[in-house]
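Q: everything below, folded, please.
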Amino acid sequence: MINNNDIKQLREELLKNLEQNNFFKAFELYCNIFDNLENKKYTDSIEQKNFIRFLLKVMRKAEVLCDDNIYNKLNSTLQIEDIKTQNILLNEHEIYNKNIELKSKPQSLQVTLTTLCNANCRMCGNKRMPKWEVSDFGVENIVSLLPYVQEVTWMGGEVFTHNKFNYLVEKSSFYETEQSIITNGTFYKDDIVKILTNNNVRTTVSLHSLNKSTYEYIMRIDALYNVYKFLDNLNKYRTKYFCLSLNFVVMKSNYKELINLIDFVKKYNIIEVILLPLQEEVMEFYNTENIFFGDNIDFDIIKNIRNITEDLSKEFKKLGVRFINNLPVFEYQKESDDIISKENDKKELIPVSTLNHNNENPKEKYKVCQYPWTKLFIENNGNIMISASCRSVIKEPMGHIDKDSLISVWNNEKIKSIRYKIVTDHCSEYCQKILD
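A: Below you'll find the model as predicted:
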């Protein structure tokens with residue numbers, strides 16, 4: 001029997017392996033701890049519960065399936081009644097068993113609360129949508145799943161314009177649900193900022209220029225100072241583990257500002273930067289500002305951006321900032337002497353993040369989409385879909401947030417038929433574009 005000092009050392013080694021995403025080593029250490037505890041009683045049930053959740057998160061990231069051995073071990077050692085942890089564990093095991101009808105509930109919710117927004121961004125498709133927001137019925141519908149889901153993302157429009165936003169954040173916090181928001185960062189008052197920091201809501205600010213005139217051109221509001229005030233207040237009240245991210249959509253008007261993100265990140269303690277290409281939502285603006293796609297693809301600018309983002313990657317690594325570069329580049333991006341020409345067709349464009357993953361893990365691409373087992377997404381008209389990633393291939397909604405129970409939708413015939421097609425290798429009409 002190992003002693004308490006040994007247990008402490010095993011805990012430290014377990015945490016180290018979890019941080020390094022080494023699932024099997026962490027799982028082995030976890031089993032070692034519990035197999036050697038007297039009377040199988042764990043001294044800190046909350047820590048034990050968090051270990052299991054962390055293990056499951058690392059397991060998913062490592063693309064390890066929850067087989068019978070893993071499920072039985074973790075389930076038998078869970079010493080407290082915890083609906084969320086039990087649901088996540090069961091859900092992973094049902095994925096392994098390829099169940100069509102699920103006893104578990106989803107792990108993830110992505111919710112568009114409203115199309116209302118105080119900005120008028122030129123590239124935002126929400127402005128073409130009818131004004132809509134989640135009803136009181138829809139709010140309680142969402143709350144019904146909060147005891148089960150591991151994470152929820154709140155989106156708009158602008159999330160702060162919904163009068164039940166604070167209520168939903170506090171309910172989610174009560175149920176220990178991890179929360180994220182995407183905001184334009186123009187609502188900077190202390191009470192708004194504190195609802196985020198007090199509940200540790202992962203906050204992503206969509207900011208597409210650090211230059212006042214360019215910002216106003218893109219956003220069509222004079223509010224850049226408000227964004228800076230919002231970031232100042234977040235840093236005033238945030239805790240050590242508060243996550244602040246930046247979304248930056250790259251276009252002709254702002255790509256030269258990319259290099260300025262280094263100082264901006266330092267100033268506001270941003271820990272994650274995400275670069276995105278402009279999408280075809282508002283065609284007039286897209287045709288003017290697009291760099292990467294179609295007939296107005298600009299190879300000279302792409303080459304310039306490639307050089308800038310390589311510098312960003314190096315600097316962000318030094319700062320410990322996570323850099324997610326979703327800008328399309330050419331597959332031979334590292335062969336800097338190659339001349340980019342239109343003969344090297346647009347089909348060779350691939351997001352940098354995907355390219356890096358495939359280079360590092362050439363045999364670890366996703367083979368089966370698991371979204372219909374793990375996610376639900378509420379669109380900007382209230383339609384219940386599986387995921388934002390699936391909208392272009394699964395067009396028929398599973399239901400509507402203001403009319404249909406999320407719990408009943410989770411096992412209705414529409415979503416079960418999609419799961420069935422996937423497990424019987426007939427998912428190409430739904431998922432092949434995503435899987436490829």
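
Q: below-threshold pLDDT in this structure: ranges please.
A: Counting by pLDDT under 70, the ranges of the chain that qualify are 1-8, 10-11, 36-47, 79, 329-367, 426-436.

Q: for it, which helix is longest?
A: The helix that spans the most residues within the chain, counting by DSSP state H, is helix 299-319.

Q: which residues does stretch 219-237 contact?
A: 118-122, 184-188, 190, 193-194, 196-198, 203, 205, 207-210, 212, 215-216, 242, 244, 268-269 (Cβ atoms under 8 Å, 6 or more residues apart in numbering). Glycine gets a C-beta too; all of them are placed from N, C-alpha and C.

Q: put the buried members of the residues you listed into a PyMOL selection.
A: Remark: buried members of the contacts of stretch 219-237, expressed as a PyMOL selection using 16 or more other Cβ atoms under 10 Å:
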select buried, resi 118+119+121+122+184+185+186+187+188+193+196+197+203+205+207+208+209+210+215+242+244+268
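
Q: about what we covered before: for the very next helix or strand once past the longest helix of the chain, which residues meet the burial criterion?
A: The C-terminal neighbour of helix 299-319 among helices and strands, as given by DSSP states H and E, is strand 322-325. Neighbour counts over strand 322-325 (16+ other Cβ under 10 Å) mark Phe323, Asn325 as buried.

Q: packing partners for strand 322-325?
A: If contacts are counted by 3 or more Cβ pairs under 8 Å, 6 or more residues apart in numbering; DSSP states H and E, strand 322-325 sits against strand 272-277, helix 299-319, helix 352-360.

Q: list the strands paired with that strand, with their directions.
A: Strand 322-325 has these partner strands in its sheet, going by DSSP bridges: strand 272-277 (parallel).

Q: now do the buried residues in the helix or strand following the strand it pairs with.
A: Next helix or strand after strand 272-277 toward the C-terminus (DSSP H and E): helix 283-289. The neighbour-count check on helix 283-289 (16+ other Cβ under 10 Å) flags Phe285, Tyr286, Glu289 as buried.

Q: which parts of the chain are strands?
A: Assignment of strands within the chain using DSSP state E yields the ranges 108-112, 151-155, 178-183, 202-206, 244-250, 272-277, 322-325, 328-330, 349-351, 375-378, 383-385, 399-400.

Q: dump the ones you listed into a markdown table; add distance to Gln9 as well.
A: Formatted as a markdown table, those follow (distance: least, Cβ to Cβ, whole Å):
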| stretch | distance to Gln9 |
| --- | --- |
| strand 108-112 | 34 |
| strand 151-155 | 31 |
| strand 178-183 | 29 |
| strand 202-206 | 32 |
| strand 244-250 | 34 |
| strand 272-277 | 32 |
| strand 322-325 | 30 |
| strand 328-330 | 45 |
| strand 349-351 | 41 |
| strand 375-378 | 38 |
| strand 383-385 | 47 |
| strand 399-400 | 50 |
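
Q: closest to Ile33 out of those strands?
A: Evaluated over the strands of the chain, closeness to Ile33 peaks at strand 178-183, with 24.6 Å, by Cβ to Cβ.

Q: now do the closest one: which elements does it pack against?
A: By 3+ Cβ pairs under 8 Å, 6+ apart, strand 178-183 packs against strand 151-155, helix 165-174, strand 202-206.

Q: could I get the ones you listed as TSV with distance to Ile297?
A: Converted to TSV, the helices and strands packed on strand 178-183 look like this (distance: least, Cβ to Cβ, whole Å):
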stretch	distance to Ile297
strand 151-155	29
helix 165-174	39
strand 202-206	24
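
Q: between these, which one is closest to Ile415.
A: Of the helices and strands packed on strand 178-183, nearest to Ile415 by Cβ to Cβ is strand 151-155, at 18.7 Å.

Q: now stretch 294-302: how far from the chain's centre is it?
A: Centroid separation for stretch 294-302 versus its chain: 29 Å, with Cα atoms, centre = their mean, to the nearest Å.

Q: okay, that stretch in PDB with CA atoms only?
A: Provided in PDB are the C-alpha atoms of stretch 294-302 (Å, rounded to 0.1, in the frame of the first residue of the first chain):
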ATOM      1  CA  GLY A 294     -12.500  33.500 -56.100                       C
ATOM      2  CA  ASP A 295     -11.600  35.700 -59.000                       C
ATOM      3  CA  ASN A 296     -10.300  38.600 -56.800                       C
ATOM      4  CA  ILE A 297      -7.800  36.400 -55.000                       C
ATOM      5  CA  ASP A 298      -4.600  38.500 -54.400                       C
ATOM      6  CA  PHE A 299      -1.400  36.400 -54.400                       C
ATOM      7  CA  ASP A 300       0.900  39.300 -53.500                       C
ATOM      8  CA  ILE A 301      -1.100  40.100 -50.400                       C
ATOM      9  CA  ILE A 302      -1.300  36.400 -49.400                       C
END
